[in-house]
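1. Could you work out the structure for the sequence below:
(chains A and B)
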Amino acid sequence: MVSTTHEDSTTGPATGTATAAAAVDRAKAEGRAALVAYLPVGYPDVRTSIEAAKAAVDGGADVVELGLPYSDPTMDGVTIQRAVDAALAGGTRPADVLRAVEGVAATGAAVLVMTYWPPVDRYGVDRFARDLASAGGAGLITPDLIPDEAGAWIGASDAQDLERVFLVAPSSTDARLALTAERSRGFVYAASLMGITGARATVGAGARQLVERTRAAGAERVCVGLGVSTPEQATEVAGYADGVIVGSAFVSRLLDTDDTASGVRAVGRLAAELSAGIRSA
Amino acid sequence: MTAYDEPTVDVPAGEVPVSFGPTPLAGERGPYFGAFGGRFVPEALVAALDEIDAAHRSAMSDPAFVEELAELHRTYSGRPSIITEVPRFAAHAGGARILLKREDLNHTGSHKINNVLGQALLTKRMGKKRVIAETGAGQHGVATATAAALMGLECVVYMGEEDTRRQALNVARMRLLGATVVPVTAGSRTLKDAVNEAFRDWVASVDTTHYVFGTVAGPHPFPVLVRDYQRIIGVEAREQVQQLIGRLPDAVCACVGGGSNAIGIFHAFLEDADVRLFGFEAGGDGVETGRHASSITGGSPGVFQGARSFVLQDEDGQTVESHSISAGLDYPGVGPEHSWLGDSGRATYRPVTDSEAMDAFKLLCRTEGIIPAIESAHALHGALGVARELGPDAVVLVNLSGRGDKDVDTAARWFDLVSDEDLVASEVERVSDAPEDTEGSGW
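-> The predicted structure follows:
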């Protein structure tokens, strides 16, 4: 029932594209949650961000979320804002993101692009879907595109056989959870708390309940993100979710050093620690 | 049929999405205005936006709410605002008559109070105790701080650090009123970044907090909500002009940043096909220089801060920084209803440069003894042009959206009215007063 790759299709993605759904299912078959690692493309530069993402995969990340830098990241806290501002100042463009997708997908990991909607809207939804599929990307995570506004993206992602990860939040009504579950492909991203990205002392108390509600609304796979940064938190979340999404903690590893090689190594180490935490759940 | 085929969801950028249908123009209530509008927001905010939408609809049909707001208008902000004919100013436009709708005479000095009183009442109706707001020039922040003080609400205002320097006086006013002013150091440190920061606050505080959005932009229902509270400007003006001249004006002029004062005065005239509507955007150094804030004239359709509308963006969809001498118009986006009115041709939008606006600013000061807000001076310049085009029999109504007290410093520099020595002294003072302290208490 679970297929690890997309079916071949003349208009679809390159054959052999790894999907997030398959990665989560594979982890589940091993009796654990999946580790999803976020890194923005272009910080500190495009090449290093690709290396860092590969290091995360080597460390144990099952899915990589590559961030497309955007000038007005309203869902992000200061850590990711700093990295993204620097990536934009360094001239990072959508073509760089597609190049990074290609590079990281070559490792065999499932690669999603995390993007605010304006850049995709500007690029052209159909064109972006086509180019993402050709680069070997699995799909998109869209933090400011709700399923009710996603008509164009739903059409384009269906045509290209791409995954579309929408978010749910503790404030989502049951009706909205059902709508989101129905229109998502791959997994549903459950925001652990009401707030923006960034490390926090504790994971939102409502996260477990949200995962349960989202499953009850029909979601097959539910991964939890926002405020998850330590192995202990990863262990906790892995106890009830299908995947653990970590972003700012990875970005911090790159922000906290001037030496790109040691930053990349630190990303790999964090992935290994988180992965161990998940396996101990 | 997939959702992809639903016409309200996606219309190719730049194409005219709709003809005017059977609904009257003025009946459009969103979430879409033609191809513009919608809700491009995190899921976390959807429940709150739905709650606001429902509360607003129920409030508008509740006679007690409507009367409470009307009473505040009468006894607190000073409505109805008057109409002033300005013949000495109009003499520079070839003989047409020019009438000003005096929103500058409202309590707190601009049209912003109309929206804020409505939203503050709505906040209480929803049982929330805290309000947040973004502000550029500080007028919306001052109005929000005022309404919060009046109604006993906690108030936090986000303001770009750059703007807190340009408008230090308004920072002090907000703090006097008990608000906490948070200088925003992200991005370009101007209005758009203040909006981003307010959204970041709101997504974490939405249970207890209402976001008093300042203009007719942002996600649905804000464009409709703010318009509903501002449309009193045009409702009054339409009646007043008819009483004064026995007919409707030939044209209505307003400045457009986000566009709330313009929608406010346009809306009552939308069905009057013979009344031409003109919105004047901030042209900065000139649209052709790239240094401007003219979203409709010099931008393109895109998604920005929660809605599809015209926006200043680069080829990758990254927001381009706007430029204007007027902090209140210095915004790279515009409300979706304006994009719709512009795209469909019902309203005409034109840019007015910094120096054109400042010329009109000075002219109104010298001919009529009225110091306008620099924002409103854009509409004044535009109105002179419209009056010349329409000829000596025309009557042109202009929304004088705010007073210029806050702009005296900017104008003094522009017109070289103070010595270099004075400027240095005032600069030193401004820097030392700069808003490092983010607390509202202890003033």
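2. okay, now the nearest residue to residue A:186 once chain neighbours are set aside: neighbour count?
-> Distances taken as CB to CB, 6 or more residues apart in numbering or on different chains place residue A:163 nearest to residue A:186, at 3.2 Å, with adjacent residues excluded. Every residue, glycine included, has its C-beta placed from N, CA and C. Number of residues near residue A:163 (other CB atoms under 10 Å in any protein chain shown) recorded here: 23.
3. And the strands in the stretch 1-150 of chain A, which stretches?
-> Using DSSP state E, counting those that start in this stretch, the strands of the stretch 1-150 of chain A run over residues A:34-40, A:63-67, A:110-114, A:139-141.
4. Switch the ones you listed over to CSV; also include distance to residue B:241.
-> What follows is the strands of the stretch 1-150 of chain A, written out as CSV (distance: least, CB to CB, whole Å):
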stretch, distance to residue B:241
strand A:34-40, 54
strand A:63-67, 53
strand A:110-114, 53
strand A:139-141, 52
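5. Which one of those lies nearest to chain B?
-> Chain B lies closest, by CB to the nearest CB, to one member of the strands of the stretch 1-150 of chain A: strand A:139-141, at 12.0 Å.
6. What does residue 158 show for phi and psi?
-> Picked chain A for this. Residue A:158 adopts backbone torsions of phi -60, psi -40, taken as degrees, to the nearest 10.
7. Please refer instead to chain B.
-> Dihedral pair for residue B:158: phi -90, psi 130, per degrees, to the nearest 10.
8. what's the distance between it and residue A:158?
-> 39 Å (CB to CB, to the nearest Å).
9. for residue B:48, same thing?
-> Remark: distance between residue B:48 and residue A:158 (CB to CB) = 30 Å.
10. mind listing what the residue of the stretch 101-250 of chain B at minimum distance from chain A touches?
-> Closest contact between the stretch 101-250 of chain B and chain A, by CB to the nearest CB, is at residue B:204 (3.9 Å). Residues in contact with residue B:204 (CB atoms under 8 Å, 6 or more residues apart in numbering or on different chains) are A:193, A:194, A:195, A:196.
11. Kindly report the same for residue A:50.
-> So residue A:50 contacts A:41, A:99, A:100, A:103, A:104 (CB under 8 Å, 6+ apart).
12. So which of those is the closest to chain B?
-> Closest to chain B, out of all of the contacts of residue A:50 and judged by CB to the nearest CB, is residue A:41, at 12.6 Å.
13. Any chance of the contacts of residue A:50 in a markdown table with distance to chain B, pLDDT and neighbour count as columns?
-> As requested, the contacts of residue A:50 are exported to a markdown table (distance: CB to the nearest CB, whole Å; pLDDT from 0 to 100; neighbours: other CB atoms under 10 Å in any protein chain shown):
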| residue | distance to chain B | pLDDT | neighbour count |
| --- | --- | --- | --- |
| A:41 | 13 | 98 | 29 |
| A:99 | 14 | 98 | 16 |
| A:100 | 15 | 98 | 28 |
| A:103 | 20 | 98 | 21 |
| A:104 | 21 | 98 | 28 |
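14. Output the set of residues of the stretch 101-250 of chain B in proximity to chain A.
-> Counting by CB under 8 Å from any CB of the partner chain, the residues of the stretch 101-250 of chain B close to chain A are B:186, B:187, B:192, B:193, B:196, B:199, B:200, B:203, B:204, B:205, B:206, B:207.
15. wait, residue B:212 sits on residue B:144?
-> Yes. With contact defined as CB atoms under 8 Å, residue B:212 reaches residue B:144; the gap is 5.0 Å.
16. so residue B:225 touches residue B:52, yeah?
-> Yes. Here residue B:225 reaches residue B:52: they are 6.8 Å apart, a contact under CB under 8 Å.
17. before we move on, the earlier item: let me see the contact set for the residue nearest to residue A:186.
-> So residue A:163 contacts A:19, A:20, A:21, A:112, A:138, A:139, A:140, A:157, A:185, A:186, A:187 (CB under 8 Å, 6+ apart).
18. The first one: what's its closest spatial neighbour, skipping adjacent residues?
-> Beyond its immediate neighbours in the sequence, the residue positioned closest to residue A:19 (CB to CB, 6+ apart) is residue A:138, lying 4.9 Å away.
19. Do you know the pLDDT at that neighbour?
-> Looking at residue A:138, its pLDDT reads 98.
20. can you give me phi and psi for it?
-> The phi/psi pair for residue A:138 (degrees, to the nearest 10) is phi -90, psi -30.
21. Who are the contact partners of it?
-> Taking CB under 8 Å, 6+ apart, one finds A:17, A:18, A:19, A:20, A:63, A:105, A:110, A:111, A:112, A:162, A:163, A:186 in contact with residue A:138.
22. what about 6 Å?
-> Contacts for residue A:138 (CB atoms under 6 Å, 6 or more residues apart in numbering or on different chains) come out as A:19, A:20, A:110, A:111, A:112, A:163.
23. And residue B:238, by the same measure?
-> Counted by CB under 6 Å, 6+ apart, residue B:238 has contacts residue B:268.
24. And the residue of the stretch 1-150 of chain A that's closest to chain B?
-> Nearest residue of the stretch 1-150 of chain A to chain B (CB to the nearest CB) works out as residue A:122 at 3.0 Å.
25. I'd guessed that residue sits against residue B:319; true?
-> No. With contact defined as CB atoms under 6 Å, residue A:122 and residue B:319 do not form a contacting pair (10.6 Å).
26. Now list whatever residues contact both of the two.
-> If you check residue A:122 and residue B:319 against CB under 6 Å, 6+ apart, no residue is contacted by both.
27. follow-up on the earlier one: tell me how many other residues crowd the spatially closest residue to the residue of the stretch 1-150 of chain A closest to chain B that is not a sequence neighbour.
-> Closest residue to residue A:122 apart from its sequence neighbours, by CB to CB, 6+ apart: residue B:317 at 3.0 Å. If you count neighbours by other CB under 10 Å, residue B:317 ends up with 24.
28. Make sure I have this right: residue B:317 is in a strand.
-> No. The assignment for residue B:317, made by DSSP: H, G, I helix; E, B strand; the rest coil, is coil rather than a strand.
29. how far away is it from residue B:334?
-> 16 Å.
30. What of residue B:231?
-> Distance from residue B:231 to residue B:334, by CB to CB: 18 Å.
31. The two - which one has more neighbours?
-> Shown here are residue B:231 and residue B:334; by other CB under 10 Å, residue B:334 has more neighbours (33 against 19).
32. how many other residues sit next to the residue nearest to that one when sequence neighbours are not counted?
-> What sits nearest to residue B:334 in space, not counting adjacent residues and going by CB to CB, 6+ apart, is residue B:295, at 4.1 Å. Residue B:295: 33 surrounding residues under other CB under 10 Å.
33. and the spatially most central residue of chain A, what are its bridge partners?
-> Using CA atoms, centre = their mean, the residue of chain A that lies closest to the mean C-alpha position is residue A:65, 3.4 Å off. Beta-bridge partners recorded for residue A:65 (DSSP bridges): residue A:38, residue A:112.
34. any idea where the helices of the stretch 1-150 of chain B begin and end?
-> Taking DSSP state H, counting those that start in this stretch as the test, the helices found in the stretch 1-150 of chain B are B:46-60, B:63-72, B:87-90, B:112-125, B:139-151.
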